[in-house]
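Here is a sequence together with a model predicted from it:
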Amino acid sequence: SDDWPALFEAVLPGSLPAPIAALVKRAQGFSPRVTLESSDALLLELAGSLRLFGGLHALLAALREAFPRPLRLALAPTPLAAVLLARAGANCCILDAARLAGRLAPLPLTHLRWPEEDLARLAGMGVRTLAELQRLPRAGLARRIGPERLWQLDRLTGARPDPRTPLAQPERFRERIDPDYEPRDCERLLATLQ
């Protein structure tokens, strides 16, 4: 929808024993654009679902009912930001990209899931949060941890696009049964449908 900015929901299974396939099926009830981010995160693109569910508050209530605690939910303008906020345990809803930087700033770098050697190198420089990382000169940072990490930071903040390939929707099943009898009662008809 042109009225709403991009809005992504990250769902983290946490310790819930439900299989991820069941979570994907539930998520596809809210959006056809569901992406498996990692073994612990699903992404839903929800901007197109706001009107369908009757606005943001109704959508949030429906999401919380479909994904109860201990699942963690975080809405953000970028997919990676939604994942990081959910990993940090921040059940939040950020619609404004201008507020995003402030919410991401105190998060520890461990939520980025970068290799331990990169995190150790940054910790040796006194960098442990996203705010501290963002203050470093980009050219020097690219030499130390590589340009792909900078691109990830740009996707996190929305400075660079972050396209995702949604999971395929299940095929629709359709079958027609012509009974060889005249249906006169519901019980026989229900038995055929089952």
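Good, I have the coordinates. Just so we're clear, the structure is a prediction, and the values are computed from it rather than from any experiment. Residues are numbered from 1 along each chain as shown.

Burial check on Val83, number of neighbours?
Neighbour count of Val83, defined by other CB atoms under 10 Å: 26. Bear in mind the C-beta positions are built from the backbone N, C-alpha and C, glycine included.

backbone phi and psi for it, please?
phi -70, psi -50 (degrees, to the nearest 10).

Just the pLDDT for it.
Val83 is assigned 92 on the pLDDT scale.

from the chain's centre, how far out does stretch 36-54 sit?
Relative to the centre of its chain, stretch 36-54 is centred 6 Å away, using CA atoms, centre = their mean, to the nearest Å.

Give me the buried positions along that stretch.
Across stretch 36-54, burial judged by 16 or more other CB atoms under 10 Å covers 36-37, 40-47, 49-50, 53.

go on, stretch 114-121?
Buried, per 16+ other CB under 10 Å, within stretch 114-121: 114, 119.

got it, and stretch 136-152?
Using 16+ other CB under 10 Å as the burial criterion, the residues of stretch 136-152 that qualify are 141, 145, 149-150, 152.

Also stretch 60-71?
In stretch 60-71, counting by 16+ other CB under 10 Å, buried: 60, 63, 67, 71.

wait, which of the residues you listed is closest to Gln194?
Phe67 (29.9 Å; CB to CB).

Backbone dihedrals for that closest one, please?
phi -130, psi 70.

Was I right to think it contacts Leu73?
Yes. The pair Phe67 / Leu73 is scored as a contact, 6.0 Å apart, by CB atoms under 8 Å.

Setting the sequence-adjacent residues aside, check what's closest to Thr78.
Nearest residue to Thr78, sequence neighbours excluded (CB to CB, 6 or more residues apart in numbering): Gly158, at 4.8 Å.

check contacts around the one you found.
Taking CB atoms under 8 Å, 6 or more residues apart in numbering as the criterion, Gly158 is in contact with 77-78, 81, 97, 100.

Most neighbours among those, which one is it?
Ranked by the number of neighbours (other CB under 10 Å), the contacts of Gly158 place Ala81 first, at 26 neighbours.

Can I get whatever helix or strand Glu187 lives in in CSV? Just the C-alpha atoms.
Here Glu187 is covered by helix 186-193, with elements defined by DSSP states H and E. What follows is helix 186-193, C-alpha atoms only, in CSV (Å, rounded to 0.1, in the frame of the first residue of the first chain):
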residue,chain,number,x,y,z
CYS,A,186,-26.3,-33.9,6.0
GLU,A,187,-24.6,-37.0,7.6
ARG,A,188,-24.0,-38.7,4.2
LEU,A,189,-22.9,-35.5,2.7
LEU,A,190,-20.4,-34.8,5.5
ALA,A,191,-19.0,-38.3,5.3
THR,A,192,-18.3,-37.7,1.6
LEU,A,193,-16.6,-34.4,2.3
